[in-house]
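Q: Kindly return the folded structure for what I paste below:
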Amino acid sequence: MGHLTSHRLGVVLLTVGLSACAVGPNFRRPTPPTATGYGSAPSQGETGSSTGLGGGRQHFDSAAQVPAEWWKLFESPKLNALIAQALEANPDLAAARAALREAHELYEAQLTSFFPTAQGGFSATRAKNALGSIANPTSLPQSNPYYNLFTAQVSVSYLPDVFGATRRAVEAAKAQETNNRFQLEATYLTLTSNVVVTALQEASLRGQIASSERLVELQQQVTRAVRGQRALGTASELDLLAQIASEAQTAATLPPLRKQLGQTRDELTALLGRLPADEPDETFLLEEMTLPLELPVSLPSKIVLQRPDVRAAEANLHIASAEAGIALANLLPQFTITAETGSSALAMSQLFKGGTGFWDVGASLTQTLFDAGALLHKHRATDAALDQAGAHYRAAVILACQNVADTLRALQADADALKASAEADRAAESAFELARKQQALGTISLVAMLNAEQTYQQAEVAVVQARASRYADSAALFQALGGGWWNRPGESVNE
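A: Below you'll find the predicted structure:
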(Lines give C-alpha, C1' and ligand atoms only; values in the text may rest on other atoms or scores of the structure.)
Protein backbone atom coordinates (compact mmCIF):
# COMPACT_ATOMS: atom_id res chain seq x y z
CA MET A 1 0.00 0.00 0.00
CA GLY A 2 2.81 2.40 0.87
CA HIS A 3 4.59 1.59 -2.38
CA LEU A 4 1.38 2.28 -4.34
CA THR A 5 0.89 5.60 -2.56
CA SER A 6 4.48 6.61 -3.29
CA HIS A 7 4.03 5.65 -6.92
CA ARG A 8 0.89 7.75 -7.23
CA LEU A 9 2.61 10.69 -5.55
CA GLY A 10 5.46 10.36 -8.02
CA VAL A 11 3.04 10.43 -10.94
CA VAL A 12 1.41 13.59 -9.56
CA LEU A 13 4.76 15.29 -9.02
CA LEU A 14 5.88 14.31 -12.53
CA THR A 15 2.69 15.73 -13.99
CA VAL A 16 3.11 18.98 -12.06
CA GLY A 17 6.74 19.19 -13.16
CA LEU A 18 5.82 18.70 -16.78
CA SER A 19 3.07 21.30 -16.44
CA ALA A 20 5.62 23.86 -15.29
CA CYS A 21 6.81 24.18 -18.89
CA ALA A 22 4.51 26.35 -20.98
CA VAL A 23 5.46 26.85 -24.61
CA GLY A 24 4.92 30.11 -26.41
CA PRO A 25 5.76 33.72 -25.54
CA ASN A 26 5.63 34.87 -21.93
CA PHE A 27 3.72 38.13 -21.77
CA ARG A 28 5.43 41.22 -20.41
CA ARG A 29 3.81 44.62 -20.09
CA PRO A 30 5.09 46.89 -22.89
CA THR A 31 7.71 49.44 -21.94
CA PRO A 32 6.05 52.81 -21.22
CA PRO A 33 6.94 55.87 -23.30
CA THR A 34 10.02 57.77 -22.18
CA ALA A 35 8.73 61.17 -23.35
CA THR A 36 8.78 63.77 -20.57
CA GLY A 37 6.01 65.90 -22.02
CA TYR A 38 3.71 66.61 -24.95
CA GLY A 39 5.91 68.65 -27.24
CA SER A 40 5.00 72.31 -27.25
CA ALA A 41 1.75 71.58 -25.40
CA PRO A 42 2.17 72.58 -21.73
CA SER A 43 2.43 69.90 -19.05
CA GLN A 44 3.53 72.49 -16.48
CA GLY A 45 2.74 76.18 -16.22
CA GLU A 46 -0.52 78.06 -16.54
CA THR A 47 -3.00 79.55 -18.99
CA GLY A 48 -3.91 83.14 -19.54
CA SER A 49 -6.71 84.77 -17.56
CA SER A 50 -9.44 87.35 -17.92
CA THR A 51 -11.98 89.07 -15.74
CA GLY A 52 -15.47 87.73 -15.28
CA LEU A 53 -17.01 84.31 -14.92
CA GLY A 54 -14.74 81.46 -15.98
CA GLY A 55 -11.80 83.74 -16.56
CA GLY A 56 -9.48 82.42 -13.84
CA ARG A 57 -5.93 81.34 -14.55
CA GLN A 58 -5.66 77.54 -14.82
CA HIS A 59 -2.50 75.86 -13.52
CA PHE A 60 -1.04 72.62 -14.93
CA ASP A 61 0.71 70.27 -12.49
CA SER A 62 2.30 67.00 -13.63
CA ALA A 63 2.57 65.83 -10.01
CA ALA A 64 -1.10 66.32 -9.17
CA GLN A 65 -3.55 63.43 -8.97
CA VAL A 66 -6.75 63.04 -10.98
CA PRO A 67 -9.69 62.85 -8.53
CA ALA A 68 -11.88 59.78 -8.83
CA GLU A 69 -14.96 62.03 -8.87
CA TRP A 70 -13.40 64.81 -10.92
CA TRP A 71 -16.75 66.28 -11.98
CA LYS A 72 -17.25 67.57 -8.43
CA LEU A 73 -14.58 70.20 -9.19
CA PHE A 74 -17.28 72.07 -11.15
CA GLU A 75 -19.09 72.53 -7.81
CA SER A 76 -22.57 71.88 -9.19
CA PRO A 77 -24.86 69.84 -6.91
CA LYS A 78 -27.31 69.37 -9.79
CA LEU A 79 -24.55 67.96 -11.99
CA ASN A 80 -23.42 65.61 -9.21
CA ALA A 81 -27.00 64.39 -8.77
CA LEU A 82 -27.44 63.66 -12.49
CA ILE A 83 -24.17 61.74 -12.68
CA ALA A 84 -25.26 59.62 -9.72
CA GLN A 85 -28.52 58.85 -11.54
CA ALA A 86 -26.68 58.00 -14.75
CA LEU A 87 -24.31 55.62 -12.95
CA GLU A 88 -27.33 53.89 -11.47
CA ALA A 89 -29.55 53.55 -14.53
CA ASN A 90 -27.55 53.89 -17.75
CA PRO A 91 -28.03 50.66 -19.79
CA ASP A 92 -24.61 50.80 -21.45
CA LEU A 93 -22.96 50.78 -18.04
CA ALA A 94 -25.22 47.92 -16.90
CA ALA A 95 -24.25 45.94 -20.02
CA ALA A 96 -20.54 46.53 -19.36
CA ARG A 97 -20.96 45.31 -15.76
CA ALA A 98 -22.72 42.18 -16.99
CA ALA A 99 -19.96 41.56 -19.55
CA LEU A 100 -17.37 41.73 -16.76
CA ARG A 101 -19.33 39.22 -14.67
CA GLU A 102 -19.55 36.92 -17.70
CA ALA A 103 -15.79 37.16 -18.32
CA HIS A 104 -15.08 36.38 -14.67
CA GLU A 105 -17.27 33.28 -14.70
CA LEU A 106 -15.63 32.08 -17.92
CA TYR A 107 -12.24 32.54 -16.27
CA GLU A 108 -13.39 30.52 -13.25
CA ALA A 109 -14.68 27.83 -15.62
CA GLN A 110 -11.34 27.74 -17.44
CA LEU A 111 -9.51 27.26 -14.13
CA THR A 112 -11.24 23.90 -13.70
CA SER A 113 -9.21 22.57 -16.65
CA PHE A 114 -6.35 21.94 -14.22
CA PHE A 115 -8.43 19.30 -12.42
CA PRO A 116 -9.60 15.80 -13.45
CA THR A 117 -13.14 15.35 -14.71
CA ALA A 118 -15.24 12.67 -12.97
CA GLN A 119 -18.54 11.39 -14.31
CA GLY A 120 -20.95 8.96 -12.73
CA GLY A 121 -23.20 6.72 -14.77
CA PHE A 122 -25.89 4.13 -14.31
CA SER A 123 -27.51 1.98 -16.97
CA ALA A 124 -30.24 -0.68 -16.89
CA THR A 125 -30.74 -3.05 -19.83
CA ARG A 126 -33.42 -5.65 -20.61
CA ALA A 127 -32.20 -8.14 -23.21
CA LYS A 128 -33.03 -11.43 -24.91
CA ASN A 129 -30.49 -14.03 -26.07
CA ALA A 130 -30.89 -15.93 -29.28
CA LEU A 131 -32.19 -19.44 -28.41
CA GLY A 132 -29.96 -21.00 -31.01
CA SER A 133 -26.79 -19.55 -29.49
CA ILE A 134 -24.09 -21.98 -28.59
CA ALA A 135 -23.03 -19.87 -25.64
CA ASN A 136 -25.20 -18.45 -22.89
CA PRO A 137 -23.70 -15.21 -21.52
CA THR A 138 -25.79 -15.49 -18.33
CA SER A 139 -26.34 -18.11 -15.67
CA LEU A 140 -29.96 -18.41 -16.70
CA PRO A 141 -31.12 -21.58 -18.41
CA GLN A 142 -31.04 -21.37 -22.15
CA SER A 143 -34.80 -21.98 -22.15
CA ASN A 144 -35.25 -18.51 -20.57
CA PRO A 145 -33.38 -16.16 -22.87
CA TYR A 146 -34.49 -12.94 -21.09
CA TYR A 147 -32.23 -11.19 -18.60
CA ASN A 148 -31.53 -7.80 -17.02
CA LEU A 149 -28.16 -6.09 -16.72
CA PHE A 150 -27.45 -3.21 -14.32
CA THR A 151 -24.22 -1.22 -14.41
CA ALA A 152 -23.04 1.58 -12.12
CA GLN A 153 -19.68 3.21 -12.81
CA VAL A 154 -17.47 6.24 -12.28
CA SER A 155 -15.21 7.48 -15.06
CA VAL A 156 -12.28 9.85 -14.48
CA SER A 157 -10.28 11.60 -17.18
CA TYR A 158 -7.37 14.00 -16.88
CA LEU A 159 -5.44 15.98 -19.47
CA PRO A 160 -1.93 16.67 -18.11
CA ASP A 161 -0.82 20.18 -19.04
CA VAL A 162 2.52 18.93 -20.35
CA PHE A 163 3.23 21.81 -22.73
CA GLY A 164 1.17 24.52 -21.04
CA ALA A 165 -1.85 24.70 -23.33
CA THR A 166 -4.21 24.73 -20.34
CA ARG A 167 -2.14 27.32 -18.56
CA ARG A 168 -2.16 29.55 -21.62
CA ALA A 169 -5.93 29.12 -21.96
CA VAL A 170 -6.38 30.20 -18.34
CA GLU A 171 -4.00 33.09 -18.98
CA ALA A 172 -6.09 34.16 -21.98
CA ALA A 173 -9.33 33.92 -19.97
CA LYS A 174 -7.85 36.05 -17.19
CA ALA A 175 -6.65 38.62 -19.73
CA GLN A 176 -10.14 38.68 -21.24
CA GLU A 177 -11.55 39.42 -17.79
CA THR A 178 -9.02 42.26 -17.48
CA ASN A 179 -10.07 43.54 -20.89
CA ASN A 180 -13.72 43.58 -19.84
CA ARG A 181 -12.81 45.31 -16.62
CA PHE A 182 -11.21 48.18 -18.49
CA GLN A 183 -14.02 48.21 -21.03
CA LEU A 184 -16.25 48.84 -18.02
CA GLU A 185 -13.96 51.64 -16.86
CA ALA A 186 -14.00 53.13 -20.36
CA THR A 187 -17.81 53.04 -20.39
CA TYR A 188 -17.89 54.62 -16.92
CA LEU A 189 -15.51 57.38 -18.02
CA THR A 190 -17.36 58.03 -21.27
CA LEU A 191 -20.70 58.19 -19.46
CA THR A 192 -19.58 60.63 -16.76
CA SER A 193 -17.76 62.80 -19.31
CA ASN A 194 -20.78 62.86 -21.61
CA VAL A 195 -23.08 63.92 -18.78
CA VAL A 196 -20.71 66.77 -17.86
CA VAL A 197 -20.18 67.94 -21.45
CA THR A 198 -23.90 67.68 -22.27
CA ALA A 199 -24.81 69.71 -19.19
CA LEU A 200 -22.22 72.32 -20.20
CA GLN A 201 -23.60 72.37 -23.73
CA GLU A 202 -27.07 72.95 -22.34
CA ALA A 203 -25.77 75.82 -20.20
CA SER A 204 -24.02 77.34 -23.23
CA LEU A 205 -27.13 77.08 -25.40
CA ARG A 206 -29.30 78.68 -22.74
CA GLY A 207 -26.87 81.58 -22.52
CA GLN A 208 -26.76 81.96 -26.30
CA ILE A 209 -30.55 81.80 -26.56
CA ALA A 210 -30.96 84.47 -23.88
CA SER A 211 -28.56 86.81 -25.68
CA SER A 212 -30.11 86.05 -29.07
CA GLU A 213 -33.61 86.73 -27.77
CA ARG A 214 -32.42 90.10 -26.49
CA LEU A 215 -30.87 90.76 -29.91
CA VAL A 216 -34.20 90.05 -31.61
CA GLU A 217 -35.95 92.46 -29.23
CA LEU A 218 -33.38 95.13 -30.07
CA GLN A 219 -33.80 94.49 -33.79
CA GLN A 220 -37.57 94.87 -33.42
CA GLN A 221 -37.07 98.19 -31.66
CA VAL A 222 -34.71 99.36 -34.40
CA THR A 223 -37.25 98.32 -37.05
CA ARG A 224 -40.00 100.32 -35.32
CA ALA A 225 -37.67 103.30 -35.10
CA VAL A 226 -36.77 103.12 -38.80
CA ARG A 227 -40.46 102.81 -39.70
CA GLY A 228 -41.08 106.00 -37.78
CA GLN A 229 -38.20 107.71 -39.52
CA ARG A 230 -39.51 106.48 -42.87
CA ALA A 231 -42.90 107.97 -42.08
CA LEU A 232 -41.22 111.31 -41.29
CA GLY A 233 -39.14 111.10 -44.43
CA THR A 234 -35.80 110.95 -42.59
CA ALA A 235 -35.17 107.35 -43.68
CA SER A 236 -35.60 105.77 -47.09
CA GLU A 237 -37.53 102.67 -48.08
CA LEU A 238 -34.17 100.99 -48.71
CA ASP A 239 -33.13 101.69 -45.11
CA LEU A 240 -36.33 100.12 -43.83
CA LEU A 241 -36.02 97.01 -46.01
CA ALA A 242 -32.40 96.55 -44.95
CA GLN A 243 -33.42 96.73 -41.28
CA ILE A 244 -36.30 94.28 -41.78
CA ALA A 245 -33.85 91.83 -43.42
CA SER A 246 -31.40 92.28 -40.53
CA GLU A 247 -34.18 91.58 -38.00
CA ALA A 248 -35.21 88.43 -39.89
CA GLN A 249 -31.63 87.19 -40.05
CA THR A 250 -31.22 87.64 -36.31
CA ALA A 251 -34.55 85.90 -35.62
CA ALA A 252 -33.43 83.00 -37.84
CA THR A 253 -30.61 82.21 -35.41
CA LEU A 254 -33.05 81.28 -32.64
CA PRO A 255 -34.79 78.13 -34.06
CA PRO A 256 -31.49 76.23 -34.58
CA LEU A 257 -30.38 77.12 -31.05
CA ARG A 258 -33.71 75.98 -29.59
CA LYS A 259 -33.51 72.79 -31.65
CA GLN A 260 -30.01 72.11 -30.30
CA LEU A 261 -31.21 72.76 -26.77
CA GLY A 262 -34.10 70.32 -27.16
CA GLN A 263 -31.83 67.65 -28.62
CA THR A 264 -29.29 68.26 -25.87
CA ARG A 265 -31.99 67.74 -23.26
CA ASP A 266 -32.99 64.50 -25.04
CA GLU A 267 -29.37 63.36 -25.02
CA LEU A 268 -29.03 64.13 -21.34
CA THR A 269 -32.23 62.23 -20.60
CA ALA A 270 -30.97 59.20 -22.56
CA LEU A 271 -27.67 59.25 -20.63
CA LEU A 272 -29.72 58.90 -17.46
CA GLY A 273 -31.29 55.74 -18.86
CA ARG A 274 -34.70 57.34 -19.37
CA LEU A 275 -37.17 57.83 -22.21
CA PRO A 276 -37.62 61.38 -23.61
CA ALA A 277 -40.91 61.81 -21.72
CA ASP A 278 -39.03 61.41 -18.42
CA GLU A 279 -36.82 64.48 -18.82
CA PRO A 280 -34.93 65.50 -15.64
CA ASP A 281 -36.07 68.57 -13.72
CA GLU A 282 -32.52 69.91 -13.40
CA THR A 283 -31.46 72.62 -15.85
CA PHE A 284 -28.02 74.19 -16.20
CA LEU A 285 -26.51 77.64 -16.52
CA LEU A 286 -22.81 78.45 -16.73
CA GLU A 287 -23.23 80.92 -13.87
CA GLU A 288 -24.03 77.98 -11.59
CA MET A 289 -20.74 76.18 -12.29
CA THR A 290 -17.15 76.77 -11.24
CA LEU A 291 -14.19 76.46 -13.60
CA PRO A 292 -11.52 74.04 -12.20
CA LEU A 293 -8.30 76.03 -11.85
CA GLU A 294 -5.87 73.33 -10.64
CA LEU A 295 -5.46 70.81 -13.46
CA PRO A 296 -3.41 67.60 -13.25
CA VAL A 297 -1.35 66.62 -16.30
CA SER A 298 -0.05 63.04 -16.16
CA LEU A 299 3.06 62.28 -18.19
CA PRO A 300 2.95 59.70 -21.03
CA SER A 301 4.56 57.02 -18.82
CA LYS A 302 1.55 57.30 -16.50
CA ILE A 303 -1.07 57.77 -19.18
CA VAL A 304 -0.50 54.21 -20.46
CA LEU A 305 -1.42 52.91 -16.99
CA GLN A 306 -4.35 55.27 -16.45
CA ARG A 307 -6.25 55.25 -19.71
CA PRO A 308 -8.89 52.46 -19.81
CA ASP A 309 -8.65 52.14 -23.60
CA VAL A 310 -4.87 51.66 -23.43
CA ARG A 311 -5.22 49.09 -20.64
CA ALA A 312 -7.89 47.26 -22.66
CA ALA A 313 -5.51 47.22 -25.66
CA GLU A 314 -2.78 45.85 -23.37
CA ALA A 315 -5.16 43.08 -22.25
CA ASN A 316 -5.90 42.25 -25.90
CA LEU A 317 -2.16 42.00 -26.49
CA HIS A 318 -1.94 39.59 -23.53
CA ILE A 319 -4.77 37.49 -24.98
CA ALA A 320 -3.01 37.29 -28.35
CA SER A 321 0.22 36.26 -26.63
CA ALA A 322 -1.53 33.46 -24.72
CA GLU A 323 -3.35 32.24 -27.82
CA ALA A 324 -0.02 32.02 -29.66
CA GLY A 325 1.15 29.66 -26.90
CA ILE A 326 -2.01 27.57 -27.20
CA ALA A 327 -1.53 27.20 -30.95
CA LEU A 328 2.08 26.12 -30.45
CA ALA A 329 1.08 23.57 -27.80
CA ASN A 330 -1.49 22.12 -30.19
CA LEU A 331 1.36 21.20 -32.54
CA LEU A 332 2.88 18.97 -29.85
CA PRO A 333 1.74 15.55 -28.54
CA GLN A 334 -1.46 15.46 -26.49
CA PHE A 335 -1.63 13.32 -23.34
CA THR A 336 -4.73 11.81 -21.70
CA ILE A 337 -5.10 9.72 -18.53
CA THR A 338 -8.36 7.81 -17.95
CA ALA A 339 -9.69 5.53 -15.22
CA GLU A 340 -12.96 3.74 -14.71
CA THR A 341 -14.46 1.67 -11.92
CA GLY A 342 -17.88 0.28 -11.16
CA SER A 343 -20.10 -2.71 -10.73
CA SER A 344 -22.23 -4.72 -13.14
CA ALA A 345 -24.86 -7.28 -12.09
CA LEU A 346 -27.97 -9.04 -13.35
CA ALA A 347 -30.03 -7.70 -10.43
CA MET A 348 -30.03 -4.37 -8.64
CA SER A 349 -29.60 -6.08 -5.29
CA GLN A 350 -26.36 -7.71 -6.47
CA LEU A 351 -24.59 -4.45 -7.41
CA PHE A 352 -21.31 -3.88 -5.53
CA LYS A 353 -21.25 -7.43 -4.23
CA GLY A 354 -18.29 -9.72 -4.65
CA GLY A 355 -17.41 -10.61 -8.22
CA THR A 356 -19.41 -7.76 -9.79
CA GLY A 357 -16.74 -5.03 -9.70
CA PHE A 358 -14.58 -3.89 -12.58
CA TRP A 359 -11.95 -1.19 -13.21
CA ASP A 360 -9.51 -0.03 -15.79
CA VAL A 361 -6.74 2.57 -15.97
CA GLY A 362 -5.16 3.85 -19.15
CA ALA A 363 -3.09 6.57 -20.72
CA SER A 364 -2.85 7.73 -24.29
CA LEU A 365 -0.65 9.94 -26.38
CA THR A 366 -1.77 11.35 -29.71
CA GLN A 367 0.16 13.31 -32.27
CA THR A 368 -1.22 14.75 -35.47
CA LEU A 369 0.76 13.23 -38.29
CA PHE A 370 -0.97 14.82 -41.24
CA ASP A 371 -3.54 17.63 -41.43
CA ALA A 372 -2.32 19.34 -44.61
CA GLY A 373 -0.65 22.01 -42.46
CA ALA A 374 -3.82 23.20 -40.67
CA LEU A 375 -2.23 23.42 -37.20
CA LEU A 376 0.88 25.10 -38.57
CA HIS A 377 -1.14 27.74 -40.37
CA LYS A 378 -3.27 28.33 -37.26
CA HIS A 379 -0.06 28.87 -35.28
CA ARG A 380 1.19 31.34 -37.87
CA ALA A 381 -2.20 33.09 -37.75
CA THR A 382 -1.86 33.60 -33.98
CA ASP A 383 1.61 35.06 -34.53
CA ALA A 384 0.09 37.52 -37.01
CA ALA A 385 -2.71 38.29 -34.53
CA LEU A 386 -0.06 39.00 -31.90
CA ASP A 387 1.64 41.47 -34.25
CA GLN A 388 -1.75 43.05 -34.95
CA ALA A 389 -2.54 43.41 -31.23
CA GLY A 390 0.87 44.99 -30.70
CA ALA A 391 0.18 47.55 -33.44
CA HIS A 392 -3.26 48.30 -31.97
CA TYR A 393 -1.66 48.84 -28.56
CA ARG A 394 0.87 51.30 -29.97
CA ALA A 395 -1.95 53.12 -31.78
CA ALA A 396 -3.91 53.36 -28.51
CA VAL A 397 -0.88 54.85 -26.74
CA ILE A 398 -0.34 57.39 -29.51
CA LEU A 399 -4.03 58.36 -29.49
CA ALA A 400 -4.05 58.74 -25.70
CA CYS A 401 -1.05 61.08 -25.74
CA GLN A 402 -2.50 62.97 -28.70
CA ASN A 403 -5.77 63.49 -26.79
CA VAL A 404 -3.90 64.98 -23.83
CA ALA A 405 -1.76 67.21 -26.06
CA ASP A 406 -4.79 68.40 -28.05
CA THR A 407 -6.70 69.23 -24.89
CA LEU A 408 -3.77 71.13 -23.37
CA ARG A 409 -3.46 73.22 -26.53
CA ALA A 410 -7.22 73.80 -26.51
CA LEU A 411 -7.13 75.03 -22.91
CA GLN A 412 -4.41 77.53 -23.75
CA ALA A 413 -6.34 78.74 -26.79
CA ASP A 414 -9.62 78.83 -24.82
CA ALA A 415 -8.10 81.14 -22.23
CA ASP A 416 -6.81 83.47 -24.92
CA ALA A 417 -10.12 83.37 -26.80
CA LEU A 418 -12.11 84.14 -23.65
CA LYS A 419 -9.75 87.01 -22.83
CA ALA A 420 -10.20 88.50 -26.30
CA SER A 421 -13.97 87.99 -26.21
CA ALA A 422 -14.20 89.50 -22.73
CA GLU A 423 -12.23 92.55 -23.84
CA ALA A 424 -14.47 92.97 -26.88
CA ASP A 425 -17.50 92.54 -24.64
CA ARG A 426 -16.30 95.22 -22.21
CA ALA A 427 -15.58 97.60 -25.06
CA ALA A 428 -19.01 96.97 -26.58
CA GLU A 429 -20.66 97.43 -23.18
CA SER A 430 -18.85 100.74 -22.65
CA ALA A 431 -19.84 101.88 -26.12
CA PHE A 432 -23.44 100.96 -25.40
CA GLU A 433 -23.45 102.84 -22.07
CA LEU A 434 -22.00 105.90 -23.78
CA ALA A 435 -24.54 105.66 -26.60
CA ARG A 436 -27.38 105.39 -24.11
CA LYS A 437 -26.23 108.54 -22.31
CA GLN A 438 -25.81 110.39 -25.59
CA GLN A 439 -29.25 109.30 -26.77
CA ALA A 440 -30.74 110.56 -23.49
CA LEU A 441 -29.10 113.93 -24.19
CA GLY A 442 -30.41 113.85 -27.74
CA THR A 443 -27.00 113.93 -29.39
CA ILE A 444 -27.51 110.59 -31.20
CA SER A 445 -30.59 108.85 -32.55
CA LEU A 446 -32.44 105.95 -30.96
CA VAL A 447 -31.36 103.76 -33.86
CA ALA A 448 -27.68 104.50 -33.17
CA MET A 449 -28.15 103.64 -29.50
CA LEU A 450 -29.95 100.38 -30.33
CA ASN A 451 -27.23 99.46 -32.80
CA ALA A 452 -24.65 99.93 -30.03
CA GLU A 453 -26.66 97.64 -27.74
CA GLN A 454 -26.97 95.11 -30.53
CA THR A 455 -23.18 95.05 -30.91
CA TYR A 456 -22.92 94.52 -27.14
CA GLN A 457 -25.35 91.59 -27.20
CA GLN A 458 -23.45 89.98 -30.06
CA ALA A 459 -20.29 90.28 -27.97
CA GLU A 460 -22.17 88.62 -25.09
CA VAL A 461 -22.98 85.61 -27.31
CA ALA A 462 -19.29 85.28 -28.20
CA VAL A 463 -18.32 85.40 -24.51
CA VAL A 464 -20.82 82.65 -23.66
CA GLN A 465 -19.41 80.43 -26.41
CA ALA A 466 -15.80 81.06 -25.36
CA ARG A 467 -16.60 80.44 -21.72
CA ALA A 468 -18.44 77.17 -22.50
CA SER A 469 -15.49 75.96 -24.60
CA ARG A 470 -13.16 76.49 -21.66
CA TYR A 471 -15.41 74.54 -19.29
CA ALA A 472 -15.91 71.71 -21.80
CA ASP A 473 -12.20 71.39 -22.59
CA SER A 474 -11.43 71.25 -18.86
CA ALA A 475 -13.77 68.24 -18.64
CA ALA A 476 -12.11 66.79 -21.76
CA LEU A 477 -8.73 66.94 -20.02
CA PHE A 478 -9.94 64.80 -17.13
CA GLN A 479 -11.35 62.32 -19.65
CA ALA A 480 -8.08 62.29 -21.62
CA LEU A 481 -6.15 61.56 -18.42
CA GLY A 482 -8.24 58.47 -17.67
CA GLY A 483 -10.79 59.82 -15.20
CA GLY A 484 -9.06 58.92 -11.91
CA TRP A 485 -10.56 55.42 -11.54
CA TRP A 486 -7.36 54.25 -9.80
CA ASN A 487 -8.01 56.67 -6.94
CA ARG A 488 -11.23 54.93 -5.95
CA PRO A 489 -10.96 52.79 -2.77
CA GLY A 490 -9.53 49.36 -3.51
CA GLU A 491 -8.19 50.27 -6.96
CA SER A 492 -4.58 50.48 -8.11
CA VAL A 493 -3.13 51.76 -11.35
CA ASN A 494 -0.48 49.00 -11.31
CA GLU A 495 -2.89 46.07 -11.32
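Q: Going by C-alpha atoms from here, please, whenever you check contacts or count neighbours.
A: Noted.
Q: Apart from its chain neighbours, what residue comes closest to the spatially most central residue of the chain?
A: Nearest to the geometric centre of the chain sits Ala186, at 2.2 Å (C-alpha atoms, centre = their mean). Distances taken as C-alpha to C-alpha, 6 or more residues apart in numbering place Pro308 nearest to Ala186, at 5.2 Å, with adjacent residues excluded.
Q: Can you name every helix or strand that the helix or strand harbouring Val196 contacts?
A: Using DSSP states H and E, Val196 sits within helix 165-232. When contacts are defined as 3 or more C-alpha pairs under 8 Å, 6 or more residues apart in numbering; DSSP states H and E, helix 165-232 packs onto helix 77-89, helix 91-111, helix 237-252, helix 254-271, helix 308-329, helix 446-480.
Q: could you redo the last one with a cut-off of 7 Å?
A: helix 91-111, helix 237-252, helix 254-271, helix 308-329, helix 446-480 (3 or more C-alpha pairs under 7 Å, 6 or more residues apart in numbering; DSSP states H and E).
Q: Serialize the ones you listed to a markdown table and add fields for mean neighbour count and mean pLDDT.
A: A markdown table is the format used below for the helices and strands packed on helix 165-232 (neighbours: other C-alpha atoms under 10 Å; pLDDT from 0 to 100):
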| stretch | mean neighbour count | mean pLDDT |
| --- | --- | --- |
| helix 91-111 | 17 | 97 |
| helix 237-252 | 16 | 88 |
| helix 254-271 | 17 | 96 |
| helix 308-329 | 25 | 96 |
| helix 446-480 | 22 | 91 |
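Q: Out of the ones you listed, flag the one nearest Thr51.
A: With distances scored as C-alpha to C-alpha, the stretch of those nearest to Thr51 is helix 446-480 (11.4 Å).
Q: coming back round to it: could you figure out how far the helix holding Val196 is turned away from helix 91-111?
A: Orientation of helix 165-232 against helix 91-111 (axes from the mean of the first three to the mean of the last three C-alpha atoms, to 10 degrees) gives an angle of 170 degrees.
Q: distance of Val493 from Thr264?
A: 34 Å (C-alpha to C-alpha, to the nearest Å).
Q: just Glu247 next, same as before
A: Glu247 is 27 Å from Thr264, by C-alpha to C-alpha.
Q: What's the local residue count around the closest residue to Gln243 other than its chain neighbours?
A: If you skip the residues right next to it in sequence, Gln243 has Thr223 as its closest partner in space, 5.9 Å away by C-alpha to C-alpha, 6+ apart. Look at Thr223: counted by other C-alpha atoms under 10 Å, it has 22 neighbours.
Q: and if you look at Ala427?
A: As a burial measure, Ala427 scores 15 neighbours (other C-alpha under 10 Å).
Q: now Trp71
A: If you count neighbours by other C-alpha under 10 Å, Trp71 ends up with 20.
Q: Three-state assignment for it, please.
A: Assigned state for Trp71: helix (three-state reduction, DSSP: H, G, I helix; E, B strand; the rest coil).
Q: any idea how far Ala118 is from it?
A: 54 Å.
Q: So Ser157, which state does it fall into?
A: strand.
Q: low pLDDT regions in the stretch 101-250 of the chain?
A: By pLDDT under 70, the weakly predicted segments of the stretch 101-250 of the chain are 131-143.
Q: Now do the same contact list for Ala159.
A: Wrong residue type there; residue 159 is Leu, not Ala. The contact partners of Leu159, taken as C-alpha atoms under 7 Å, 6 or more residues apart in numbering, are Phe335, Thr336, Ile337.
Q: Show the subsequent helix or strand relative to the strand or helix carrying the second one.
A: When elements are assigned from DSSP H and E, Thr336 belongs to strand 334-345. Sequence order places strand 357-366 as the next helix or strand after strand 334-345, per DSSP H and E.
Q: Give me the average confidence score over that following strand.
A: Averaging pLDDT along strand 357-366 gives 93.
Q: what lines up beside it in the sheet?
A: According to DSSP bridges, strand 357-366 forms sheet pairs with strand 334-345 (antiparallel).
Q: Can you give the distance of the strand it pairs with from its chain's centre?
A: Mean-position distance between strand 334-345 and its chain equals 48 Å (C-alpha atoms, centre = their mean, to the nearest Å).
Q: Can you list the buried residues in that strand?
A: For strand 334-345, burial by neighbour count (16 or more other C-alpha atoms under 10 Å) applies to Gln334, Phe335, Thr338, Glu340, Gly342, Ser343, Ser344, Ala345.
Q: can I get those in a markdown table with distance to Glu287 and pLDDT?
A: Shown next, in a markdown table, are the buried residues of strand 334-345 (distance: C-alpha to C-alpha, whole Å; pLDDT from 0 to 100):
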| residue | distance to Glu287 | pLDDT |
| --- | --- | --- |
| Gln334 | 70 | 92 |
| Phe335 | 72 | 93 |
| Thr338 | 75 | 94 |
| Glu340 | 78 | 95 |
| Gly342 | 81 | 92 |
| Ser343 | 84 | 93 |
| Ser344 | 86 | 93 |
| Ala345 | 88 | 91 |
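Q: What is the nearest of those to Ser236?
A: Gln334 (98.7 Å).
Q: what pairs with that closest one across the strands?
A: Under the criterion used (DSSP bridges), Gln334 bridges to Thr366.
Q: To what extent is Asp281 buried, counted in neighbours?
A: 6.
Q: That one in helix, strand or coil?
A: Three-state call for Asp281 (three-state DSSP): coil.
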